[in-house]
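> Build me a model:
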Amino acid sequence: MDKDTRNDIERATQRARKLLEDDFASQLEGTFDVLRTGAVAAKGGAHLSTRQAFQRDKIVAAIEHKRAVRMTAAEAVKDYLRDAAFTTLNRFVALKMLEARALVQECITKGEQSAGYREFCGMAPGVALLPNASGYRLYIESLFDELSTEMKVLFDRLDAASVLWPRRQTFEALIEMLNTGELTGVWGEDETIGWVYQFFNSGEERKKMREESQAPRNSRELAVRNQFFTPRYVVQFLTDNTLGRLWLGMYGEKSRLAECCEYFVHPLDEPAKTRTKKDPRDLHILDPACGSGHFLLYCFDLLLTIYDEAWESRDSGIKSQLTSRTLREDYADLAALHRAIPALIVEHNLYGVDIDPRCAQIAALALWLRAQRAWKDFGISVSERPPIGRTHIVVAEPMPGDAVLVEEFAARLDPPLLRDLFKKMVDEMRLAGELGMLLRVEDAIATELHRARQQFVKQQQAPSFLPGMAPMRKQGELDLSGIDDDGFFHEAEDLIDKALRGFAESASSEAIVRRRLFAGDAAQGMALIDLVRTRFDVVLMNPPFGSASLAAKKEFEKAYPRTKNDIYAAFVERGVQLLHPQGLLGAITSRTGFFLSSFQKWREEILLKEAPPVVFADLGYGVLDSAMVEVAAYCLEKGRKVAA
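Model prediction:
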């Protein structure tokens, strides 16, 4: 995408943000008695309808939820406005992109004259007669509901960020803005949604943050300061020399994938490494600072070829750990495989983490759109495409900050040993929003898991019934017979997740929003714990650089004594730790680590001892858009033996 087009997207995004935030702030103050200063009236005014009173409860609950994680009242209101504006803009950008791919009927390109809305009115003529374009809003919201079945993270109307709807004048201005001629060509491009994310926060905002504090003061500043788009050629270079190198080691350089990896560097001074073959469903790829998912999208491209080649390789006989069967045993022909591949890639191969909740919306949408394009290329109609059950895009954020709800929920967990385990998770995750994947939570959780499992087994072995009189185990009850700590974690995770769903819905209308927010945070926290317990074949990253946030400085320096001088070095150290032996890491970072004396331990103990470089490119300035930093792109192999 050329510079002029990116500038058009930036101008439109910034204008849309201001338009929506001003409108929503006016609604908060004028209708719901919530001021930008953080002042919130104890009770809604008598002018509120029953529906508006419920909406106000959701808004206030969301703001209080933000305050529970150390935000001031004004910061919480500002963050809520930002969430509401971002979610609204993303939804309409997504509709434009879905229109361009014929995944929905024309719905906003011609506003109320769009073909989809006219057909909707044809089925329900009274809709068009509703005042203030309420019928059109009803139509758009029905689209959101339909799309939420597969993209809940973006289109879920139960999300508190979606309570506010732009007033008619704002709505029409937004639609006009998205339909300008300058943007006509961008909606068919997969990377457009990533640029919208990049440009939602302005350069002036980043500059102001740096002027006010040398180090990021919180997780949001850390995320905003490090929003730099990774150029496509860098993504390809790093992925070709990690995922590509891994697969070529399994299938040889005559593999079909070699034709796709145009940036693959052939080793001249050593023979190509031979690797043990794996079923592609067992390949795990992580981006620990995923942003809008650029690395994951290109991995998707390569995985399409990888799956085809693995299926066509009749001599491999490799069985998946997932099904204990080969690809050919699970998919009788290529048509069946092609129908399954896009969902398999999203559900089993690709993992992403970020500290910015907005990334979950963007990356999940980008992967879903990429899957739809793959199905289209395979000639599979929309009606024949299987649903994508889940993505592994995880928001790194603290588990619930509301201590009262933590105690209330924990008290409901059965068996009781899960209560201490859950509270231990909450405590260990308190800095997840500041540290993301750098949070080394797995060791403490492993200790607690082992203790809890041992305690439960001991209780089971102490009989309290006469022989033959013990009651039958109930369906869904925790069963630890013959499982290890890892199995226990997944059993416990399932029980806690089920309990969270029940807890979220079993409350009065006033409390239900707080409980849903609580349950959502807890589920994300458990997903992150599960992810850091996983080991990966490939880790790819454009990590943040500079100092850790002030809130996490002490914990960060304690956890990373060898790499505490810059957060990017710690991300590389952590990435290497999360790899399988002989796994590959690709990163684009500042080049300073390769020559400054302050990075000596990083070079000697991480790069040379633990994961020596396979390929290195010194790229210099002008690579990461507006970032004034000289960068290098390099790939490391964990446990690689280097000749003396």
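> Every contact and neighbour count from this point should use C-alpha atoms.
Will do.
> Give the helix, strand or coil label for Pro415.
The three-state assignment at Pro415 reads coil, by DSSP: H, G, I helix; E, B strand; the rest coil.
> how much space between it and Ala499?
With distances taken as Cα to Cα, to the nearest Å, Pro415 is found 12 Å from Ala499.
> neighbour-wise, which of these two wins?
For Pro415 and Ala499, the more surrounded residue by other Cα atoms under 10 Å is Ala499, and the numbers stand at 17 against 12.
> In contact with that one, which residues are there?
Taking Cα atoms under 8 Å, 6 or more residues apart in numbering as the criterion, Ala499 is in contact with Leu413.
> Could you do Pro231 as well?
Taking Cα under 8 Å, 6+ apart as the definition, contacts of Pro231 comprise Val623, Leu624.
> Which of the helices or strands spans Val426?
Using DSSP states H and E, Val426 maps to helix 417-428.
> and the very next helix or strand once past that helix, which residues are buried?
Per DSSP H and E, helix 417-428 leads on to helix 432-435 as the next helix or strand towards the C-terminus. Residues of helix 432-435 classed as buried under the neighbour-count rule (16 or more other Cα atoms under 10 Å) are Ala432, Gly433, Glu434, Leu435.
> Serialize these to CSV and add fields for pLDDT and distance to Gln105.
Conversion of the buried residues of helix 432-435 to CSV gives the following (pLDDT from 0 to 100; distance: Cα to Cα, whole Å):
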residue, pLDDT, distance to Gln105
Ala432, 86, 40
Gly433, 84, 39
Glu434, 87, 41
Leu435, 88, 42
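> Show me where this structure has its strands.
285-287, 350-354, 392-395, 536-541, 579-590, 613-620, 631-637 (DSSP state E).
> Can you add distance to Phe264 and mean pLDDT and give those back as JSON lines?
Converted to JSON lines, the strands of the chain look like this (distance: least, Cα to Cα, whole Å; pLDDT from 0 to 100):
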{"stretch": "strand 285-287", "distance to Phe264": "18", "mean pLDDT": "97"}
{"stretch": "strand 350-354", "distance to Phe264": "21", "mean pLDDT": "95"}
{"stretch": "strand 392-395", "distance to Phe264": "27", "mean pLDDT": "91"}
{"stretch": "strand 536-541", "distance to Phe264": "15", "mean pLDDT": "98"}
{"stretch": "strand 579-590", "distance to Phe264": "12", "mean pLDDT": "96"}
{"stretch": "strand 613-620", "distance to Phe264": "9", "mean pLDDT": "93"}
{"stretch": "strand 631-637", "distance to Phe264": "11", "mean pLDDT": "95"}
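> Throw those strands into a markdown table and include distance to Phe120, thanks.
Rendered in a markdown table, the data for the strands of the chain read as follows (distance: least, Cα to Cα, whole Å):
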| stretch | distance to Phe120 |
| --- | --- |
| strand 285-287 | 41 |
| strand 350-354 | 37 |
| strand 392-395 | 34 |
| strand 536-541 | 45 |
| strand 579-590 | 49 |
| strand 613-620 | 53 |
| strand 631-637 | 51 |
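> so which of those gets nearest Leu517?
Smallest distance to Leu517 across those (Cα to Cα): 13.6 Å, for strand 392-395.
> Can you tell me which helices and strands that closest one packs against?
Helices and strands touching strand 392-395, by 3 or more Cα pairs under 8 Å, 6 or more residues apart in numbering; DSSP states H and E, are strand 350-354, helix 357-377, helix 509-532.
> residues touching Glu557, list them.
Contacts for Glu557 (Cα under 8 Å, 6+ apart) come out as Lys564.
> that older thread, who are the packing partners of the helix holding Val426?
Contacts of helix 417-428 with other secondary structure elements, assessed using 3+ Cα pairs under 8 Å, 6+ apart, are made with helix 403-410, helix 442-461, helix 509-532.
> do you know which of these lies nearest Asp8?
Among those, helix 509-532 comes nearest to Asp8, with 34.7 Å by Cα to Cα.
> so how far is Glu141 from Leu350?
In this structure, Leu350 and Glu141 are 30 Å apart, going by Cα to Cα.
> re the thing from before, redo the strands of the chain as TSV? Include mean neighbour count and distance to His294.
Rendered in TSV, the data for those read as follows (neighbours: other Cα atoms under 10 Å; distance: least, Cα to Cα, whole Å):
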stretch	mean neighbour count	distance to His294
strand 285-287	27	9
strand 350-354	26	10
strand 392-395	25	13
strand 536-541	27	10
strand 579-590	24	13
strand 613-620	16	19
strand 631-637	23	15
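> How is the protein divided into domains?
Structural domains of the chain, as assigned by automatic domain parsing, span the residue ranges 3-178, 232-396+533-637, 403-460+476-524.
> Just name the most buried of those domains.
Here the criterion is mean neighbour count by mean count of other Cα atoms under 10 Å, and of the domains of the chain the winner is domain 232-396+533-637, at a mean of 19.
> Confidence-wise, which helix or strand of this protein is lowest on average?
helix 219-225 (a mean of 63; mean pLDDT, DSSP states H and E).
> just to revisit the earlier point, could you export the helices and strands packed on strand 392-395 as JSON lines, including distance to Glu262?
Below are those laid out as JSON lines (distance: least, Cα to Cα, whole Å):
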{"stretch": "strand 350-354", "distance to Glu262": "22"}
{"stretch": "helix 357-377", "distance to Glu262": "21"}
{"stretch": "helix 509-532", "distance to Glu262": "31"}
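> mean pLDDT for those: which is lowest?
Set side by side, those differ in mean pLDDT, and helix 509-532 is lowest with a mean of 82.
> and the angle for that one with strand 350-354?
Interaxial angle, helix 509-532 versus strand 350-354 (axes from the mean of the first three to the mean of the last three Cα atoms, to 10 degrees): 120 degrees.
> measure stretch 559-571 end to end?
12 Å.
> What mean pLDDT does it get?
In this model, stretch 559-571 has a mean pLDDT of 93.
> where's that stretch relative to the chain centroid, distance-wise?
Distance of stretch 559-571 from the chain centroid (Cα atoms, centre = their mean, to the nearest Å) equals 23 Å.
> Export the domains of the chain as CSV, with columns for distance to Thr192.
What follows is the domains of the chain, written out as CSV (distance: least, Cα to Cα, whole Å):
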stretch, distance to Thr192
domain 3-178, 8
domain 232-396+533-637, 9
domain 403-460+476-524, 26
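> Pick out the shakiest of those, pLDDT-wise.
Note on the domains of the chain: lowest mean pLDDT is at domain 403-460+476-524, with a mean of 79.
> dump the residue contacts of Ala366.
Residues in contact with Ala366, defined by Cα under 8 Å, 6+ apart, are Asp190, Glu191, Ile193, Ser292, Gly293, Leu297.
> mind checking how far the closest residue in space to the fourth one that isn't next to it in sequence is from Met399?
Distances taken as Cα to Cα, 6 or more residues apart in numbering place Ala363 nearest to Ser292, at 4.5 Å, with adjacent residues excluded. Ala363 sits 21 Å away from Met399, going by Cα to Cα.
> cool, and Asp530?
The separation that Asp530 has from Met399, given Cα to Cα, amounts to 14 Å.
> And Leu619, by the same measure?
Where Met399 is concerned, Leu619 sits at a distance of 39 Å (Cα to Cα).
> what about the helices in the stretch 251-400 of the chain?
Taking DSSP state H, counting those that start in this stretch, the helices of the stretch 251-400 of the chain run over residues 257-260, 294-312, 327-330, 334-344, 357-377.
> can you tell me which of these comes nearest to Leu495?
With respect to Leu495, and counting by Cα to Cα, the nearest of those is helix 357-377 at 24.5 Å.
> orientation of the closest one relative to strand 350-354 in degrees?
160 degrees.
> if we can go back for a sec, comparing Asp530 and Met399, which residue is more hemmed in?
Comparing Asp530 with Met399 by neighbour count (other Cα under 10 Å), the higher total belongs to Met399, at 28 against 15.
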